[in-house]
Every structure is written in structure tokens, then in C-alpha cells.
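> prediction below, plus the sequence it came from.
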Amino acid sequence: MDIQQPLALLGGLTPAQFMRRHWQKKPLLVRQAIPQFKPPVGRQDLFALAAQDGVESRLVQLAKGAWKLRHGPFQRRSLPGLQTPDWTLLVQGVDLHNDAVHALMQQFRFVPEARLDDLMISYASHGGGVGPHFDSYDVFLLQAHGKRRWRIGRQKDLTLREGIPLKVLAQFEPEEEFVLDPGDMLYLPPRYAHDGVAEGECMTYSIGFRSPARAELAQELLGRLAEDAADEGASLMYRDATQAAVAQPAAIPAQLQDFAREALARALAQPLVLERALGEYLTEPKSNVWFEPGAAGVMLEGVRLDRRSRMMYDTHHVFINGESYRAGGRDATLMRQLADQRQLSARELARASDDALELLSSWCDAGWAHSWKA
Ligand code: SIN
Ligand code: CO
């Protein structure tokens with residue numbers, strides 16, 4: 001993607017300008033971000049998805065002033081009628097289930113893939129919404145069908161209402177209000193208060209991001225480092241030939257503390273362990289993802305990644321679906337190209353070494369990638 005090219009998607013800003021001026025800083029309303037937008041997933045498709053196991057869905061309903069929340073899967077008959085007002089069905093991760101939705105999400109890859117999360121679709125009857133709230137992550141709210149009235153504000157008081165199953169702000173103080181039509185889009189930075197209410201039947205597509213918390217990263221990475229450390233230093237025991245006799249047997253020896261500190265420092269000092277653990281973690285498929293094995297031994301023409309595959313790279317590695325590979329030279333260039341473009345043409349593949357071709361064909365066997373006629 002040319003990050004210096006103005007985009008209708010960003011209201012005529014270039015991705016570079018958008019990231020500098022708005023990302024994590026201030027909202028952006030874009031009229032006709034996608035002109036003549038035809039939603040690839042309509043009401044029936046969404047209801048069908050919400051009925052499936054392994055698809056995360058929620059139903060939020062405001063009935064007689066009380067917020068109610070139920071988790072899917074939902075059979076069609078267990079959803080309220082279309083004429084019943086004030087309910088909304090939210091389906092998470094639709095990009096994993098639909099190629100066109102996945103392709104739509106790719107338009108937002110001016111943000112690093114490591115930060116992209118999923119595309120959620122909400123369907124609401126008249127009056128439906130999830131109440132005034134804030135999210136911890138950035139979001140692009142693309143209006144897909146019908147109208148939604150958004151009220152937003154830089155709320156200071158983030159106190160939530162108590163005793164209800166949703167996160168709803170106790171005192172919402174909106175500052176701006178917009179009605180979005182199909183193709184319009186609103187970007188909101190994290191913790192910006194918002195409330196979207198459907199005006200008639202309405203569908204909204206939310207392009208969502210993920211942002212690891214420091215504690216979560218530490219936990220994940222240390223867990224992975226621990227596995228490596230268990231493989232490596234298993235035989236090296238603490239020795240204390242110089243230990244003197246003790247009168248206070250319960251006191252932990254300082255020498256043992258030093259040994260522990262060194263064990264940890266050594267685990268971290270292994271070259272590239274942190275980079276490898278991070279890449280493996282970031283490309284780990286979501287828990288509800290599984291791949292169908294592809295046809296064995298397919299001849300590669302072009303190759304494209306399956307929509308569920310996560311592929312990234314750093315200076316020394318290529319990562320796909322939680323696995324890491326050391327790569328250098330021409331093959332590394334090619335693999336990075338595959339990760340960035342998510343596909344390689346037959347011409348591009350012609351530059352691959354036999355090892356790279358073998359690896360790609362094993363990914364096709366696993367269903368992570370597909371052979372494709374370019
Ligand atoms: C919705 O689509 O109803 C909710 C999206 C949001 O407010 O984050
Ligand atoms: Co929200």
C-alpha cells in the first residue's frame with residue numbers, strides 16, 4: 001500500500017497523515033469512506049453465522065429500561081422479531097468466516113498487522129445499541145446498512161453503571177452527534193465515549209484492533225521462555241560446596257537468589273529468544289480457528305494465504321500461525337513479500353529455492369495457504 005496516497009477511505013487523508021493526526025489521538029468522521037458500499041454479509045448471512053458453534057456472538061436487548069445480555073450461538077427463532085425494537089446482535093471475527101469481509105479488512109493494513117484484531121458486525125432493530133460506553137482499543141465504525149446516530153465525547157468520568165451485565169457509562173456527556181449512512185465511517189481512538197443507536201434496521205461493521213497489555217505480554221513471553229529454558233538448562237544444578245552451616249535454617253541463601261537471577265538472565269540473554277517468542281505469540285491463531293488440510297502434493301502456481309492465517313516477520317524470522325522459521329537471503333525476501341501481500345504470483349514464486357517451495361507446499365497441505373492460479 002502506498003502510504004502517501006490520499007484515500008477516500010480516510011476522507012482524502014493519506015495513511016501517513018491519518019496515523020500522525022488521528023490514530024490514538026482524535027476521532028475522524030468520513031462521509032462516503034466506501035462509496036456505494038454493498039455489505040458482503042447481510043442480515044440472513046449474519047443470522048446464519050450467529051447460529052454456528054465456534055462463532056462468537058452476543059445479543060443485547062433493552063427491555064422495559066433493563067439491559068439484557070445473552071451469548072450465542074443463537075437459532076433464528078431464539079432472536080427477537082425484526083419488528084421488535086431495541087435489540088442488537090453482535091458477531092465477532094466475521095473476517096475469519098468470509099473472504100470478502102477479510103478483503104475489506106485488508107484496506108486497514110496501513111496499521112501493522114500485529115495491531116489488527118477482527119471485524120465485528122452488528123445488526124440492530126430500530127433503537128438498538130449497546131448503550132453509551134468506551135472501548136480500550138481503536139475502532140473504525142463503518143456503516144453498512146441503514147442509519148445509526150452516533151453521539152461521542154471525550155469523557156473524563158469513566159465510571160460504569162453498576163448491577164448490569166454490560167459496560168455502560170453512568171454519566172454520558174456527549175459533545176458531538178452524527179447520523180451515519182451506508183458507506184460513512186467513524187474512527188474513534190481508545191477510551192473515547194460513544195453511543196450508537198439504530199434509526200430503523202441497521203448494520204455496522206467495526207474494524208477492531210488489539211493492543212497487548214504489558215502484564216499480558218510479560219506473562220505470555222515468560223511462559224514461552226520458560227519452555228525453552230526447560231529444554232536447555234535442565235541438567236545444570238545449583239551447587240553449594242562452600243555453604244557454611246546455618247543457625248537460621250529457614251533463611252533463603254543469598255547465593256541461591258543469585259543463582260535464580262542468573263537463570264532468568266540467561267534465559268533472556270539467548271540470542272533472539274524474545275523476538276521469536278513475540279512473533280510466535282502474535283501469529284498464534286485464535287482459539288476458535290482450525291484449518292482444513294489441503295490437497296496433498298498440489299503443484300504450486302501462485303500461492304495465497306488462507307484468510308485465517310496470520311503471517312508476520314522480523315529481521316531474522318518469518319512467523320506463521322504460531323511457528324517461526326529462520327530465513328535469510330532471497331527466500332526471506334520472498335516470504336516477507338508473501339506476508340505483506342498475502343499472496344505470491346507464479347512469477348514471484350519462480351524465484352523460490354527448493355526449500356522454500358517445500359515449506360510453502362507443506363503450508364498448503366496444512367490448509368494455511370492455497371495454491372492459486374495467478
Ligand atoms: C455496535 O456496532 O452496535 C457497537 C459498536 C461499538 O460501539 O463499539
Ligand atoms: Co464501542
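Good, I have the coordinates. Ligands and ions are numbered 1, 2, ... in the order given.

> and this protein, which residues reach ligand 1?
88, 122, 129-130, 135, 139, 194, 196, 204, 206 (Cβ under 6 Å from any ligand atom). Placement of C-beta: from N, CA and C, glycine included.

> from those, which single one is nearest Glu173?
Glu173 lies nearest to His194 out of the residues of the chain next to ligand 1, by Cβ to Cβ, at 11.9 Å.

> A helix includes that closest one, no?
No: counting by DSSP: H, G, I helix; E, B strand; the rest coil, His194 is not part of a helix but strand.

> quickly list the domain ranges of the protein.
For the chain, automatic domain parsing gives the domain ranges 8-209, 214-239+249-270, 283-372.

> please flag which of the residues of the chain next to ligand 1 sit within strands.
Judged by DSSP state E, the residues of the chain next to ligand 1 include 88, 122, 139, 194, 196, 204, 206 as members of strands.

> my guess is the second one contacts Ser206, does it?
Same thing as Ser122. Yes: the pair Ser122 / Ser206 is scored as a contact, 7.1 Å apart, by Cβ atoms under 8 Å.

> so between the two, which is more surrounded?
Ser122 (25 against 21; other Cβ atoms under 10 Å).

> so who does that one touch?
88-91, 130, 203-204, 206 (Cβ atoms under 8 Å, 6 or more residues apart in numbering).

> if we go to 7 Å?
88-90, 203-204 (Cβ atoms under 7 Å, 6 or more residues apart in numbering).

> could you single out the nearest of those residues to Ala245?
Ala245 has its nearest neighbour among those in Leu90, at 66.6 Å by Cβ to Cβ.

> ranges for the helices of the stretch 151-300 of the chain?
214-232, 254-269, 273-282 (DSSP state H, counting those that start in this stretch).

> in the first one, what's buried?
By neighbour count, with 16 or more other Cβ atoms under 10 Å as the criterion, the buried positions of helix 214-232 are 220-221, 224-225, 229.

> now stretch 279-298
Neighbour count says stretch 279-298 has 279-283, 285, 294 buried, by 16+ other Cβ under 10 Å.

> mind putting these into CSV with pLDDT and distance to Arg77?
Putting these into CSV (pLDDT from 0 to 100; distance: Cβ to Cβ, whole Å) gives the following:
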residue, pLDDT, distance to Arg77
Gly279, 97, 45
Glu280, 97, 43
Tyr281, 97, 41
Leu282, 98, 40
Thr283, 98, 39
Pro285, 97, 32
Gly294, 85, 37
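
> which two from these end up farthest apart in space?
Tyr281 and Gly294 (25.4 Å).

> residue nearest the centroid of this protein?
Asp117 (1.3 Å; Cα atoms, centre = their mean).

> just list whatever residues bridge to the residue in the stretch 51-200 of the chain positioned nearest to ligand 1.
Here the stretch 51-200 of the chain gets closest to ligand 1 at one residue, Ser122, 3.3 Å apart by Cβ to the nearest ligand atom. With DSSP bridges as the criterion, Ser122 is bridged to Leu90, Thr204.

> got it, and His194?
His133, Ile152.

> burial count for it?
By other Cβ under 10 Å, neighbour count at His194 equals 24.
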